[in-house]
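Asker: sequence first, then the predicted structure:
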Amino acid sequence: MKEKQTVGMFPERSVSKSSRVLQLVLTDVMGPMRTLSKSGARYVLTFLDDYSRYVVTYFLKNKSEVAAKLSEFKAFYENQWGERLKCLRSNNRTEYVNKKIAEVCSRDGIMHQRTVPYSPQQNGMAEE
């Protein structure tokens with residue numbers, strides 16, 4: 001007798017919650033936007049701290065700026081909050097899966113979690 005295999009749905013929210021700031025940071029890039037900003041930016045980069053739900057936004061002219069903005073975000077908020085960035089969660093798009101991001105994560109001891117393709121639910125609130 002053959003049976004159909006069913007796949008359960010993703011929970012609406014992540015079941016795990018960080019216990020301190022910068023333990024897990026979710027990130028996403030939106031764009032390209034149809035209308036440019038005054039500075040010529042077409043993309044919006046967000047970093048969301050899983051513990052505090054604090055959101056930081058950067059405007060980018062090119063997606064290639066993501067690694068530099070990650071380093072900027074990390075330096076500023078580690079200094080402000082007195083904690084180290086432990087884990088970065090992103091999707092599998094090329095702005096996150098590249099040599100520059102790998103170098104930043106390797107150099108600074110950041111675990112880079114990447115979501116399964118076509119499952120934005122795994123990146124939680126960063127995708128909303």
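Answerer: Thanks, I have the structure now.

Asker: number of residues surrounding residue 35?
Answerer: 5 (other C-beta atoms under 10 Å). To be clear about C-beta, it is placed using only N, CA and C from the backbone, and glycine gets the same treatment.

Asker: now it: how far from residue 55?
Answerer: Counting by C-beta to C-beta, to the nearest Å, the gap from residue 35 to residue 55 is 21 Å.

Asker: now do residue 95
Answerer: Distance from residue 95 to residue 55, by C-beta to C-beta: 18 Å.

Asker: compare the two (neighbour count), which wins?
Answerer: A count of neighbours by other C-beta under 10 Å puts residue 95 above the other of residue 95 and residue 55, at 21 against 12.

Asker: packing partners for the lengthiest helix in the chain?
Answerer: In the chain, assigned by DSSP state H, the helix with the most residues is helix 66-81. For helix 66-81, the packing partners by 3 or more C-beta pairs under 8 Å, 6 or more residues apart in numbering; DSSP states H and E come out as strand 25-30, strand 43-49, strand 55-60, helix 99-108.

Asker: could the ones you listed go into JSON lines alongside distance to residue 115 and mean pLDDT?
Answerer: As requested, the helices and strands packed on helix 66-81 are exported to JSON lines (distance: least, C-beta to C-beta, whole Å; pLDDT from 0 to 100):
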{"stretch": "strand 25-30", "distance to residue 115": "10", "mean pLDDT": "96"}
{"stretch": "strand 43-49", "distance to residue 115": "14", "mean pLDDT": "98"}
{"stretch": "strand 55-60", "distance to residue 115": "18", "mean pLDDT": "98"}
{"stretch": "helix 99-108", "distance to residue 115": "14", "mean pLDDT": "97"}
